[in-house]
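Visitor: take a look and give me a structure for this.
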Amino acid sequence: MQTNKMAKLNEGAFLPVIDKCEGCDRIVEADGNKICDTYLNPESKWRLGLCNFATHAKPEVKVVKVRINPLKAAKRASKRN
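Guide: From the prediction side, this is the model:
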């Protein structure tokens, strides 16, 4: 399997990684170039924001606390019975 994977990487279809990819676990060095073993063109994955294959960057999750009117909550609860 390793030889088959390296043969695929040595074909030359993969483009080198960009600076945003540094630190990712999917980077492989082949022929002196650092390339992504998952995607052909890493630059296009970062064009719209965060790369979905990136192992070193996680998306930020924003938690929004919603304020509920206690009178409306009581009415809704009484309708369920």
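Visitor: report the helix or strand with the lowest average pLDDT across the protein.
Guide: Within the chain, no helix or strand scores below helix 2-9, which has a mean of 57 by mean pLDDT, DSSP states H and E.
Visitor: quick check, distance from the helix or strand just after it to the centre of its chain.
Guide: Reading on from helix 2-9 to the C-terminus, the next helix or strand found by DSSP states H and E is strand 27-30. Between the mean C-alpha location of strand 27-30 and the chain-wide mean there is a distance of 19 Å, by CA atoms, centre = their mean, to the nearest Å.
Visitor: flag the shaky bits of this structure, pLDDT-wise.
Guide: 1-12, 81 (pLDDT under 70).
Visitor: how about the residue positioned nearest the centre of it, secondary structure?
Guide: Against the mean C-alpha coordinate of the chain, by CA atoms, centre = their mean, the closest residue is Asn52 at 2.2 Å. Secondary structure of Asn52, reduced to three states by DSSP: H, G, I helix; E, B strand; the rest coil: coil.
Visitor: could you export the lengthiest helix in the chain as CSV, CA atoms only?
Guide: Determined from DSSP state H, the single longest helix within the chain is helix 70-80. Extracted in CSV, the C-alpha atoms of helix 70-80 (Å, rounded to 0.1, in the frame of the first residue of the first chain):
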residue,chain,number,x,y,z
PRO,A,70,-40.7,33.2,31.5
LEU,A,71,-44.4,34.0,31.0
LYS,A,72,-44.4,32.6,27.5
ALA,A,73,-42.5,29.6,28.6
ALA,A,74,-45.1,28.9,31.3
LYS,A,75,-47.9,29.2,28.7
ARG,A,76,-46.2,26.8,26.4
ALA,A,77,-45.7,24.3,29.2
SER,A,78,-49.3,24.5,30.3
LYS,A,79,-50.6,23.9,26.7
ARG,A,80,-48.7,20.6,26.5
